[in-house]
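Engineer: using only what follows, build the 3D model:
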Amino acid sequence: MTRFTLPVTLKVRGATITRSSSIGAVGIDASMAKRKFGATGERYYLPGRLVKGLLREAWQELGTVKPEYAGYITEWLGVGSGEDYNEPLRGRLYFSDFADDKPATARLRYRISIDEDTGAADAGMLQVMESPYAPLQEVEFSGEVRCLTGAGENVQPVLEAVQRGLLWVRAVGGARTSGFGELRDVVCGAPEQPAKKPAVAPEQDSVWEYRISFSEPVILSKRRISDNLFESGDVIPGGALKGAVADMIRREPLAYQQLLDELHAVRFTHGFPTKDGKRPQWRPLSVMLTDQGKLVNALDVEDNLDGSFDIDWKDQEKEKANAEYPWPEVPWELRVRTAIDSKLRKTDEGALFAWQMLDPTDFQWVGQVETSRISDAARAQLRDLLSFGVEPIGKTKALGTVDLFEPRRAGARAYPTYTVTLETPCLLIDPGNSLTSAEDLQAEYGRVWRELSDGSLRLIGNKYFQRCSLAGGEYYWRRFSRQRGKYWPYLLTDAGSTFRLQVEAGKEAQAGEYLGRWLTHGLPISPWVLRFYGIPPDLKNMWQHCPYLPENGYGEIHVGEFHV
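Structural biologist: Below you'll find the predicted structure:
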């Protein structure tokens, strides 16, 4: 497998502007897009998606003369999903943002609307624009186009077509139809092949700690609240990493055949953000703030205390809780985009949407890869593949650089009681049962822990705090439920849910074995939940019927007073 990176420089003649979606300084109506590029500081840039869209337009026009360009569009730039299916043809070319290598220096330009009848300036129609480039000034925007290929695949014609297509583009930026932003030249360097990153984790170890870093904005999966707003979460789902690995295998399936056959048995936990390399833990829902301003765990309190839980906290209370249970806040950037009608050269009606992206500078995402149930050959292939990095991640198709380490371990001890906290959501309870009262819910969770542990652990009375949510929607219906003819949203027990469990007398060793197994493999999906959703019990096929599997990072737990 080879990753080609094509350096590209776009030479643009000013003045040009690509409007920023962020709010500018006071009095500025239109700001030029800029963001931080690593240690180089803030730079003005042309969005990679803009360059990709211009290349698509150019290939469409060139395709009328040379039909192979139309084929390039389908395979290398991709085709969106339609109304009857939710599996788009994803492109294979990924475009970085194209940045000016000089520090961002603001200059202003003024425009005003003229009344056609009177020939005078319209009242209140003055526009102040951030226009850092003077007329006829030549500016160089540098970026890269990358792709992943299998052995023996010749991508040179495609890379040459990228340069030809960009040379066909007349202008870039928001004022290109007015004659601004003329694209004078396109300079492509020699394709580069970045070196692999050596792994630190011992080859004989079946559990690795991964740390993923990004050099470009990223959008991670999160429940959508609007059709045209994609808001990023700050956690990388294990299923997203596993899907990216599967996508990479498709580029060279023969070289990774063993891994392809056994990938269903590999477990990727969710990646949690960190600045210091230490993976944060999810705050238990049992944490309360007393009226005296003290944080306590309600499971440890025998007497009734007056206080509040996180659902009622204001900003000041949340800051206090975050100091005790730190979770880094990843900065984000909002980009508003729209599709362009190639014929009319204007925005496509109803195609406006926004991305709330994470700025990953100085952050890593930490989790684990568990490979105990695959062969040595498949494990070696996975280590080799991860040395290439993982892509595409999220809606920006970001490339994640992966470092592997030996996981942190501690000794194991036995205790009469344990506190189990969900670090990620989990399919625990059976939606087919009647859960109309607090007593019903307590009985259901009591049954869950008793049956999952084969009777070695039991829930202590009402010593638990839980929160449930429904997950689903049109995509899940089309992807997982449509074949069954019914739609059932998934009933998840949320991260942070906390349970106090008692070890049954004489079953200490069995309880410790189950807890150790859950820490390694995640909480299993019980047979009654599998039956309700119609999920086959065969691990090799489960992923095609349900996304919330332990192998995708769900059901991860933290165990208090028990360490492995």
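
Engineer: quick one: low-confidence ranges for the stretch 301-450 of the chain?
Structural biologist: Applying pLDDT under 70 to the stretch 301-450 of the chain flags residues 340-350, 409-413.

Engineer: if we use 50, what do you get?
Structural biologist: Counting by pLDDT under 50, the stretch 301-450 of the chain contains no low-confidence residues.

Engineer: sketch out the helices for it, chain order is fine.
Structural biologist: 315-324, 376-386, 438-452 (DSSP state H, counting those that start in this stretch).

Engineer: so the very next helix or strand once past the last one versus helix 438-452, what angle?
Structural biologist: What it means is helix 438-452. Sequence order places strand 457-465 as the next helix or strand after helix 438-452, per DSSP states H and E. With axes from the mean of the first three to the mean of the last three C-alpha atoms, to 10 degrees defining the directions, strand 457-465 sits at 140 degrees from helix 438-452.

Engineer: buried residues in strand 457-465?
Structural biologist: Within strand 457-465, the residues scored as buried using 16 or more other C-beta atoms under 10 Å are 457-459, 463-465. Any C-beta I mention is one placed from the backbone N, CA and C, and that applies to glycine too.

Engineer: can you check stretch 122-131 too?
Structural biologist: Neighbour-count burial for stretch 122-131, counted by 16+ other C-beta under 10 Å, picks out 128-131.

Engineer: then stretch 264-275?
Structural biologist: Under the neighbour-count criterion of 16+ other C-beta under 10 Å, stretch 264-275 has 264-274 buried.

Engineer: can I get that stretch as PDB, trimmed to CA atoms?
Structural biologist: Output in PDB follows, covering the C-alpha atoms of stretch 264-275 (Å, rounded to 0.1, in the frame of the first residue of the first chain):
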ATOM      1  CA  HIS A 264     -14.800  -8.300  12.800                       C
ATOM      2  CA  ALA A 265     -13.000  -9.600  15.900                       C
ATOM      3  CA  VAL A 266     -10.700  -6.600  16.400                       C
ATOM      4  CA  ARG A 267     -11.900  -4.100  19.000                       C
ATOM      5  CA  PHE A 268     -11.300  -0.400  18.700                       C
ATOM      6  CA  THR A 269     -12.300   1.600  21.800                       C
ATOM      7  CA  HIS A 270     -13.400   5.200  21.400                       C
ATOM      8  CA  GLY A 271     -10.700   7.800  21.100                       C
ATOM      9  CA  PHE A 272     -10.900  10.400  23.900                       C
ATOM     10  CA  PRO A 273      -9.200  13.800  23.500                       C
ATOM     11  CA  THR A 274      -6.100  14.700  25.500                       C
ATOM     12  CA  LYS A 275      -3.300  17.300  25.600                       C
END
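
Engineer: including distance to residue 476 and mean neighbour count, could the helices of the stretch 301-450 of the chain go into JSON lines?
Structural biologist: Listed next are the helices of the stretch 301-450 of the chain as JSON lines, based on distance: least, C-beta to C-beta, whole Å; neighbours: other C-beta atoms under 10 Å:
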{"stretch": "helix 315-324", "distance to residue 476": "31", "mean neighbour count": "12"}
{"stretch": "helix 376-386", "distance to residue 476": "28", "mean neighbour count": "18"}
{"stretch": "helix 438-452", "distance to residue 476": "23", "mean neighbour count": "16"}
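
Engineer: to residue 211, which of those helices lies closest?
Structural biologist: Closest to residue 211 of the helices of the stretch 301-450 of the chain is helix 376-386 (C-beta to C-beta; 11.2 Å).

Engineer: now do the helices in this protein.
Structural biologist: Using DSSP state H, the helices of the chain run over 48-63, 68-72, 156-168, 238-249, 257-262, 315-324, 376-386, 438-452, 474-476, 508-521, 527-533, 539-542.

Engineer: how far away from the center of its chain is the second one?
Structural biologist: Using C-alpha atoms, centre = their mean, to the nearest Å, we find the averaged C-alpha position of helix 68-72 to lie 30 Å away from the chain's own average C-alpha position.

Engineer: just the longest one next, same as before
Structural biologist: Helix 48-63 sits 26 Å away from the centroid of its parent chain (C-alpha atoms, centre = their mean).

Engineer: got it, and stretch 493-503?
Structural biologist: 26 Å.

Engineer: CA-only coordinates of it in CSV, if you can.
Structural biologist: The C-alpha coordinates for stretch 493-503 follow below in CSV (Å, rounded to 0.1, in the frame of the first residue of the first chain):
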residue,chain,number,x,y,z
THR,A,493,-27.8,3.3,28.3
ASP,A,494,-25.7,6.4,28.2
ALA,A,495,-22.0,7.0,29.1
GLY,A,496,-21.6,7.9,32.7
SER,A,497,-24.3,5.5,34.0
THR,A,498,-23.0,4.0,37.2
PHE,A,499,-23.8,0.8,39.1
ARG,A,500,-22.8,-0.5,42.5
LEU,A,501,-22.4,-4.3,42.3
GLN,A,502,-22.1,-6.9,45.0
VAL,A,503,-20.1,-10.1,44.6
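
Engineer: could you pull out the buried residues of it?
Structural biologist: Applying 16+ other C-beta under 10 Å to stretch 493-503 flags 493, 495-503 as buried.

Engineer: farthest residue from the center of the protein?
Structural biologist: residue 118 (53.8 Å; C-alpha atoms, centre = their mean).

Engineer: quick one, strands of the stretch 251-400 of the chain?
Structural biologist: Counting by DSSP state E, counting those that start in this stretch, one finds strands in the stretch 251-400 of the chain at the ranges 267-268, 272-274, 287-290, 295-297, 307-309, 332-341, 346-358, 364-370, 390-393, 398-405.

Engineer: tell me what the last one is packed against?
Structural biologist: Okay, so that is strand 398-405. Here strand 398-405 touches strand 207-214, helix 376-386, strand 390-393, going by 3 or more C-beta pairs under 8 Å, 6 or more residues apart in numbering; DSSP states H and E.

Engineer: which residues are contacting it?
Structural biologist: Contacts with strand 398-405, where a contact means C-beta atoms under 8 Å, 6 or more residues apart in numbering, come from 94, 146, 197, 199-201, 208-218, 236, 244, 365, 369, 383, 386-387, 389-393.

Engineer: just stretch 274-284 next, same as before
Structural biologist: Under C-beta under 8 Å, 6+ apart, the answer for stretch 274-284 is 211, 272-273, 297, 310, 321, 325-328, 362-367, 419, 421-424, 465, 495-496, 498, 558.

Engineer: mind checking which of those are buried?
Structural biologist: Listed as buried from the contacts of stretch 274-284 are 211, 272-273, 310, 321, 363-367, 419, 421-424, 465, 495-496, 498, 558; burial here means 16+ other C-beta under 10 Å.

Engineer: what residue lies at the spatial centre of this structure?
Structural biologist: Judging by C-alpha atoms, centre = their mean, the chain has its centre closest to residue 220, at 2.1 Å.
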